[in-house]
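Participant: Got a predicted model here, sequence first, then my questions.
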Amino acid sequence: MTTLEITGLATLSVLILCSAIQYIFYWFIFTKPFSIKNKTSEASHPVSIIVCARNEEANLRENLPLLLEQEYANYEVVVVNDCSSDDSDLVLKALAAQYPHLRYTTIKENEKFQHGKKLALTVGIKAAKNEWMLMTDADCKPSGPHWLSAMASQMTEDKAIVLGYGGYLSQPGLLNKLIRFETAWIALQYFSLAIIGNAYMGVGRNLSYRKSLFFANKGFASHARLSSGDDDLFINETATATNVSVQFLPEAHTYSKPKKSLSEWIEQKSRHFQTYPQYKFKHKFLLTAETFSRVTFYFSLAALFILQQFIWVALALLFVRLVSQVIVLNVWFKRLNEKKLFLLSLIFDLVMPFLYFIIYLTKKIKPARQWR
């Protein structure tokens, strides 16, 4: 055999291995949510909705009434006004006079003691009256008046955590579609792994867990100084193979306003990247295996075309992967009610790993302030 043929055969072997890994993820992991009926059922146990807000006057005025007018019999809303310098306190005072199930507390600014969201969230959790708590952000809108009941339907006796979907509002522009695709793609990963007993994260925009679980874990003590991780690292620590439930019906979603510029989104993702090194090894291995096999798949595919070796085999492997993507992503986007993403998703699938690499380099060149 010539050197060219040996190189081509080695590259083909890599392509076949990466294809096999990708097929396993698509057909044996990413299809798991499709087997979940996820129907809502009547729930009556008391729930505390917790919102942390810093200078969120406009969002509180717009979104808080949507939380306070949920069609659910027994719940409270606890707002932590975290060192706000705007008129958030006036908005909360006015709404508390109108809605008796709204309770709020205020953390005063202290120049000698700087803190992040974890302290505010801990204050809210301690103030909550109920065992089950549902976290969201001030800039999040519930999908409708049945959001709480849909999430509460999964708060069963044998569960301690409920993972929800926190999406972004659909707006014109390519960046909006990129952000919504990436959000839906990550959701496919953490929902799928949770269903097979390997829950590794949740999103604070729509996340529920028991108050007793929080205190049994000593809150955020193990990563208290890290500015991120109040959602994903907490779930990474406390989730087991049996104590997690998922809820991704459209009526259980929350929606936030997405970033308006690529640089803002990269900065947001850079902060999220702080927590990944703290994940358990098995979770990092699974996530890395998917991304690495995807990137290597594309590189080895391109290499075979350049070498003009085994092109028909390469095309066949590419075709099978495309069919897998088309089926799985199309069903998933429909489940999440995410529209106008499907065609671009085939491009974003190739682009996202390289964007993540750029974010990683940005973080290395200009490190974010990670510790407090």
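Facilitator: Perfect, I can see it now. Residues are numbered from 1 along each chain as shown.
Participant: which residues sit in contact with residue 53?
Facilitator: Applying Cβ atoms under 8 Å, 6 or more residues apart in numbering, we find residue 53 in contact with 59, 60, 79, 80, 81, 82, 84, 88, 138. No exception for glycine: its C-beta is placed from N, CA and C like everyone else's.
Participant: ok, now residue 214?
Facilitator: 125, 133, 234.
Participant: Okay, residue 214 and residue 128: tell me how far apart.
Facilitator: Residue 214 sits 10 Å away from residue 128, going by Cβ to Cβ, to the nearest Å.
Participant: And for residue 192?
Facilitator: Taken as Cβ to Cβ, the span from residue 192 to residue 128 is 30 Å.
Participant: Residue 141 too?
Facilitator: Counting by Cβ to Cβ - residue 141 and residue 128 are separated by 22 Å.
Participant: Please identify which of those two sits among more neighbours.
Facilitator: residue 128 (21 against 18; other Cβ atoms under 10 Å).
Participant: The more buried one touches residue 78, doesn't it?
Facilitator: Yes: with contacts counted by Cβ atoms under 8 Å, residue 128 reaches residue 78, the gap being 5.5 Å.
Participant: list the residues that contact both of these two?
Facilitator: In contact with both residue 128 and residue 78: 48, 50, using Cβ under 8 Å, 6+ apart.
Participant: Show me what the helix or strand harbouring residue 293 is packed up against.
Facilitator: Residue 293 is part of helix 281-307, with elements assigned from DSSP states H and E. Helices and strands touching helix 281-307, by 3 or more Cβ pairs under 8 Å, 6 or more residues apart in numbering; DSSP states H and E, are helix 3-24, helix 174-195, helix 311-336, helix 342-365.
Participant: Which pLDDT value goes with the residue lying closest to residue 324 once chain neighbours are set aside?
Facilitator: Closest residue to residue 324 apart from its sequence neighbours, by Cβ to Cβ, 6 or more residues apart in numbering: residue 26 at 4.1 Å. We have a pLDDT of 96 for residue 26.
Participant: Residue 359 now?
Facilitator: At residue 359 the predicted local confidence, pLDDT, stands at 78.
Participant: hang on, the earlier thing: go through the contacts of residue 214 and give me the one with the most neighbours.
Facilitator: Ranking those using other Cβ under 10 Å puts residue 234 first, with 26 neighbours.
Participant: I figured that residue hits residue 217, correct?
Facilitator: Yes: contact criterion Cβ under 8 Å: residue 234 and residue 217 qualify, at 7.1 Å.
Participant: Return every residue with contacts to both of residue 214 and residue 128.
Facilitator: With Cβ under 8 Å, 6+ apart, residue 214 and residue 128 have no common neighbours.
Participant: now the stretch 1-150 of the chain, which segments are flagged as low pLDDT?
Facilitator: 38-41, 110-114 (pLDDT under 70).
Participant: Show me this protein divided up by domain.
Facilitator: 3-30+282-340, 38-277 (automatic domain parsing).
Participant: ranking those by burial, who's on top?
Facilitator: domain 38-277 (a mean of 18; mean count of other Cβ atoms under 10 Å).
Participant: and it, how far out from the chain's middle?
Facilitator: Its chain's C-alpha centre and that of domain 38-277 lie 11 Å apart, by Cα atoms, centre = their mean, to the nearest Å.
Participant: and if you look at stretch 289-296?
Facilitator: Distance of stretch 289-296 from its chain centroid, counting by Cα atoms, centre = their mean, is 20 Å.
Participant: what's next to that stretch, contact-wise?
Facilitator: 14, 17, 18, 21, 22, 25, 189, 349, 353, 356.
Participant: ok, 10 Å please
Facilitator: 14-15, 17-26, 29-30, 189, 321, 349-350, 352-354, 356-357 (Cβ atoms under 10 Å, 6 or more residues apart in numbering).
Participant: one step back: mutual contacts of residue 234 and residue 217, please.
Facilitator: residue 209.
Participant: The residue nearest to residue 280 when sequence neighbours are not counted is in what secondary structure piece?
Facilitator: Spatial nearest neighbour of residue 280, chain neighbours left out: residue 236 (6.1 Å); criterion: Cβ to Cβ, 6+ apart. Per DSSP H and E, residue 236 falls inside helix 232-238.
Participant: so what does the following helix or strand past that helix touch, helix or strand wise?
Facilitator: Going down the chain from helix 232-238, the next helix or strand is strand 244-246, by DSSP H and E. On a contact count with 3 or more Cβ pairs under 10 Å, 6 or more residues apart in numbering; DSSP states H and E, strand 244-246 meets strand 161-163, helix 174-195.
Participant: what's the angle from the last one to helix 311-336?
Facilitator: Counting by axes from the mean of the first three to the mean of the last three Cα atoms, to 10 degrees, helix 174-195 lies at 90 degrees to helix 311-336.
Participant: sorry, back to before: what sits against the residue nearest to residue 324?
Facilitator: 290, 320, 321, 323, 324, 325, 327, 328, 329.
Participant: quick revisit: what pLDDT does the model give the residue nearest to residue 280?
Facilitator: We have a pLDDT of 96 for residue 236.
Participant: That one against residue 223, yeah?
Facilitator: Yes: here residue 236 lies in contact with residue 223, judged by Cβ atoms under 10 Å, at a distance of 9.5 Å.
Participant: Now list whatever residues contact both of those two.
Facilitator: Common neighbours of residue 236 and residue 223 (Cβ under 10 Å, 6+ apart) are 229, 275, 278.
Participant: How about residue 74, nearest residue that isn't a chain neighbour?
Facilitator: Closest residue to residue 74 apart from its sequence neighbours, by Cβ to Cβ, 6+ apart: residue 46 at 4.4 Å.
Participant: ok now do that neighbour, which residues does it touch?
Facilitator: By Cβ under 10 Å, 6+ apart, the residues touching residue 46 are 72, 73, 74, 75, 76, 128, 129, 130, 131, 132, 152.
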